[in-house]
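Trainee: Turn this into a model:
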Amino acid sequence: MSIKKELRLKGIRDNQFGLVGFGGEGVHNKPHTHTIKGRFFDSAEALRLVTLEENAGTYNDVRRAVQYAAIYPFRTGVSKNIVLVPCSACESSGMSHARLAKFLHDRDITLHVMQPESFSLRINTPKASSIIGMDDNTAFTLRDALSSNMLGNRDLFEQIDISPKSCAKLALQSQGSAFNTLKMTGSRDDKHFLSVFARRVADSARPTERQICKCTTDANGHAQTVCKAASLPLTQLQYNTQHLLGRRGENPTMEGYVRPLQQPQQVSLQV
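Mentor: Sure thing, here's the model as predicted:
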């Protein structure tokens, strides 16, 4: 897996991967956890062995699905990165864009989006077709796969018109990136596409050096650590009693799964 390789090149090791799904049939319709060898997290090699059903369901609330993934039981002190691969737009959601942006910000989570949607430019130029992705600073093309520093194309970036409520905008607000999977055509260029994406994920994946971690409880009374950068305000959240994080072989769903803590019992830990 190229993301693992790029992380290792950055000196970021012992990386773990988890999987959240939504939009399938039956129990796979609403956001749910796919365990890997009975665990929430495992290696990149183990993740590649997971098989998913391709049958489509009716659930299309992408923002709620991202929020579900954001409360995953991440390890203390790690960098938290979500790669979103949606089939529908973020605009179709019962959750506001601003609320989810703040939720990700408060938990120090970086979002990357891979979606089948081309980038719109303010001017008509044939160069628009060369854009495969962008972040909050530059636009990327396949040529960046051959570049040692991957600076991207600033001129193209300044012409991109991003919808203020889109998944791409949400990713950029979290210091992440957005890539257009329509550029993956089954050709040899797909390797370059994935290389650029993986390098961009790794570029923002280094853990924050100073974090504040607070211990909260889930619906079953089990301890869970929520960490964020020391300079950011921490949103205090808990899970309702209807949600189970899941036993071996289960793919639980979540609905209305967070609410403010009135008088949280917690301890602070700086790492």
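Trainee: Any chance of the backbone angles for I71?
Mentor: phi -100, psi 20 (degrees, to the nearest 10).
Trainee: Relative to C227, how far out is it?
Mentor: With distances taken as Cβ to Cβ, to the nearest Å, I71 is found 13 Å from C227. The way it works is simple: take the backbone N, C-alpha and C, and place the C-beta from them, glycine included.
Trainee: who's more crowded, the two?
Mentor: Neighbours per residue (other Cβ atoms under 10 Å) separate I71 from C227, with C227 holding more: 24 against 21.
Trainee: any idea how far the more buried one is from V78?
Mentor: 8 Å.
Trainee: Quick check: end-to-end length of stretch 41-49?
Mentor: 13 Å (Cα to Cα, to the nearest Å).
Trainee: so where's the stretch 1-150 of the chain uncertain?
Mentor: Within the stretch 1-150 of the chain, the stretches with pLDDT under 70 are 1.
Trainee: got the residue ranges for the helices in it?
Mentor: Using DSSP state H, counting those that start in this stretch, the helices of the stretch 1-150 of the chain run over 2-9, 44-47, 62-70, 97-106.
Trainee: quick one, which of the ones you listed is packed in tightest?
Mentor: Ranked by mean neighbour count, the helices of the stretch 1-150 of the chain are led by helix 62-70 with a mean of 23 (mean count of other Cβ atoms under 10 Å).
Trainee: Where does the record place the domain boundaries for the chain?
Mentor: As assigned by automatic domain parsing, the chain contains the domains 2-14+60-203, 211-270.
Trainee: what pLDDT, on average, does the last one get?
Mentor: Here domain 211-270 scores 53 as its mean pLDDT.
Trainee: ok, the nearest residue to C167 once chain neighbours are set aside - contacts?
Mentor: Once flanking residues are discounted, C167 sits nearest to C90: 4.0 Å by Cβ to Cβ, 6 or more residues apart in numbering. By Cβ atoms under 8 Å, 6 or more residues apart in numbering, C90 lies in contact with 62-63, 97, 165-167, 170.
Trainee: Just give the number of residues close to G26.
Mentor: Neighbours of G26 (other Cβ under 10 Å): 10.
Trainee: And it, how close does it get to A65?
Mentor: Taking Cβ to Cβ, one finds G26 at 16 Å from A65.
Trainee: try K30
Mentor: Distance from K30 to A65, by Cβ to Cβ: 8 Å.
Trainee: try V83
Mentor: If you measure V83 against A65 using Cβ to Cβ, the figure is 12 Å.
Trainee: likewise E54?
Mentor: As judged by Cβ to Cβ, E54 and A65 stand 17 Å apart.
Trainee: Then M134?
Mentor: M134 is 22 Å from A65, by Cβ to Cβ.
Trainee: Check C227 too.
Mentor: According to Cβ to Cβ, C227 stands 22 Å off from A65.
Trainee: I109 now?
Mentor: Taking Cβ to Cβ, one finds I109 at 14 Å from A65.
Trainee: cool, and D42?
Mentor: On the measure of Cβ to Cβ, D42 and A65 end up 21 Å apart.
Trainee: and if you look at Q211?
Mentor: Distance from Q211 to A65, counting by Cβ to Cβ: 25 Å.
Trainee: re the thing from before, and for K30 and A65, which residues touch both?
Mentor: 22, 59.
Trainee: Thought A46 was touching Q16, still the case?
Mentor: No - using Cβ atoms under 8 Å, Q16 makes no contact with A46, being 9.6 Å away.
Trainee: which SS class is the closest residue to M184 other than its chain neighbours?
Mentor: Ranked by Cβ to Cβ, 6+ apart and with sequence neighbours excluded, the top spatial neighbour of M184 is D190, at 4.9 Å. Taken by DSSP: H, G, I helix; E, B strand; the rest coil, the conformation at D190 corresponds to helix.
Trainee: so D190 touches T181, yeah?
Mentor: No - counting by Cβ under 8 Å, D190 sits too far from T181 to count as a contact (9.9 Å).
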